[in-house]
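**Q** Have a look; sequence and predicted model below, questions after that.
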Amino acid sequence: MINRTPFFSFVRPLAVVAFGGNALLRPEDSGTMQEQLGRAREAVRKLLPILGKGYELVVVHGNGPQVGNVLIQAEAAADRVPPQPLDFCVAQTEGSIGFLLELAFGNELSRAGFRKEVVTIVTQVQVDAADPAFEKPTKPVGPFFSKEKAAHLMDELGWTMVEDSGRGWRKVVASPRPVAIRGVEVTAALVNRGHIVIAAGGGGVPVVVTEEGEIRGVEAVIDKDYAASMLAASLQADLFIVLTGVERVSRDFGKPTQRELPEISAREAKALLAEGQFPPGSMGPKVDAAIRYIEAGGREVLITRAESLAGALEGTTGTRIREARA
């Protein structure tokens, strides 16, 4: 059951934007903090047109590469420092990436003539302890191990591990769907004061609530697009923006019959998703998250790449998903 949130009324329209952790840490990067700060400033510059269009802004970032690095560090120091559970690793990267983005916004906003404060919320996202995802973990996280080391970890720590494309063995964890964003009212209050809010980073810290009302973290990761979709719906955002690697969503992607989709209804998107037009490992979750936002009462979704965002906001590119046309 999704918790109902109160009606929020904002002075200006609100946009919630989601982008991946690879925007800040790419495979070819060395991974230094200075390098990531440079990437953060690049990302922030691409988001500024949203403010230029008169929207208040909530930012949801990914953290896949960053959490992977934290887990590699934990493995390297396991004989000296007790490893942290995954929910703590997610919280750690929410804070560190939020700090990077706050620095980037702080420098780029003044250069662009905006006077705004930026705040990061380490967001708890509630999941269902009975979610079937916990019965069959599928999400690879962290470093690669040898077969022998993996067998030891599975025996000693009870990890679930799988062989990953010939590159070694990796831990897999559950990726349950979010059922509620905790602290939405705090986010709304900050938005209403004109602040940019960074929230639900990496999909948020997964927590469950027991029958006794106790909150506890769980060993899982939440897809950041689903968390962003729920956050946008909970805040009654006017626009939900999903940044990805392509300028527009396409039908028959990669085939001779490929056709770009400038605008589709949520009903049409749902039918195309059911046809298998959007693979689970790429565009599928993004389109599904867009549909969920619209079905929860959302107004409009814009899917495009960061480099094309300014034009997409003007209507010259990108894919817009709206509720069914009459």
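**A** Cool, got the structure. Numbering: from 1, shown residues only.

**Q** What sits closest to Arg12 if chain neighbours are left out?
**A** Leaving aside its sequence neighbours, Arg12 sits nearest to Glu56 (CB to CB, 6 or more residues apart in numbering; 5.2 Å). No exception for glycine: its C-beta is placed from N, CA and C like everyone else's.

**Q** I'd like to know how many residues surround that neighbour.
**A** For Glu56, the count of nearby residues is 25 (other CB atoms under 10 Å).

**Q** distance of it from Leu101?
**A** 16 Å (CB to CB, to the nearest Å).

**Q** Report the contact partners of Val141.
**A** Val67, Gly68, Leu71, Leu86, Arg170, Lys171, Val172, Val173, Val221 (CB atoms under 8 Å, 6 or more residues apart in numbering).

**Q** would you turn those residues into a markdown table with secondary structure?
**A** Shown next, in a markdown table, are those (DSSP: H, G, I helix; E, B strand; the rest coil):
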| residue | secondary structure |
| --- | --- |
| Val67 | helix |
| Gly68 | helix |
| Leu71 | helix |
| Leu86 | helix |
| Arg170 | strand |
| Lys171 | strand |
| Val172 | strand |
| Val173 | strand |
| Val221 | coil |
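
**Q** which one among those residues gets closest to Ala188?
**A** Val221 (25.5 Å; CB to CB).

**Q** I figured the closest one hits Pro137, correct?
**A** No. Under the criterion of CB atoms under 8 Å, Val221 makes no contact with Pro137, lying 9.9 Å away.

**Q** Same drill for those two, tell me which one is more crowded.
**A** Of the pair Val221 and Pro137, Val221 is the one with more neighbours under other CB under 10 Å, namely 26 against 20.

**Q** contacts for the helix or strand harbouring Val70?
**A** Val70 is part of helix 64-76, with elements assigned from DSSP states H and E. Here helix 64-76 makes contact (CB under 8 Å, 6+ apart) with 20-22, 24-25, 27, 31, 81, 83-84, 86, 89-90, 92-93, 96-97, 141-143, 171, 202, 221.

**Q** Buried residues in that helix, which are they?
**A** Neighbour counts over helix 64-76 (16 or more other CB atoms under 10 Å) mark Gly64, Pro65, Gln66, Val67, Gly68, Asn69, Val70, Leu71, Ala74, Glu75 as buried.

**Q** Looking at it now, give me its mean pLDDT.
**A** Computed over helix 64-76, the mean pLDDT rounds to 85.

**Q** go on, stretch 120-128?
**A** 98.

**Q** Show residues contacting that stretch.
**A** Residues from elsewhere that reach stretch 120-128 (CB under 8 Å, 6+ apart): 3, 91, 94-95, 98-99, 101-102, 176-183, 186-187, 190, 197-201, 203-209, 215, 218, 220, 222, 227, 230-231.

**Q** And the nearest residue to Gly203 once chain neighbours are set aside, how close does it get to Lys286?
**A** Excluding the flanking residues, the one nearest Gly203 by CB to CB, 6+ apart is Ile222, at 3.2 Å. Distance of Ile222 to Lys286, computed by CB to CB: 15 Å.

**Q** Leaving out sequence neighbours, find the closest residue to the residue nearest to the spatial centre of the chain.
**A** For the chain, the residue lying nearest the average C-alpha position, counting by CA atoms, centre = their mean, turns out to be Lys224 (2.3 Å). Using CB to CB, 6+ apart and skipping residues adjacent in sequence, the residue nearest Lys224 is Gly203, 4.3 Å away.

**Q** burial measure for the one you found, as a count.
**A** Using other CB under 10 Å, Gly203 is surrounded by 30 other residues.

**Q** what sits against it?
**A** By CB under 8 Å, 6+ apart, the contact list for Gly203 reads Gly62, Asn63, Val90, Val125, Pro178, Val221, Ile222, Asp223, Lys224, Tyr226, Ala227.

**Q** Would you report the backbone torsion angles of it?
**A** Phi and psi for Gly203, reported as degrees, to the nearest 10, are phi 90, psi 0.

**Q** Quick check: the residue of the chain positioned farthest from its centre vs Trp169, distance?
**A** Distance from the C-alpha centroid of the chain, by CA atoms, centre = their mean, peaks at Glu148 (33.7 Å). Distance of Glu148 to Trp169, given as CB to CB: 9 Å.

**Q** Much appreciated, bye for now.
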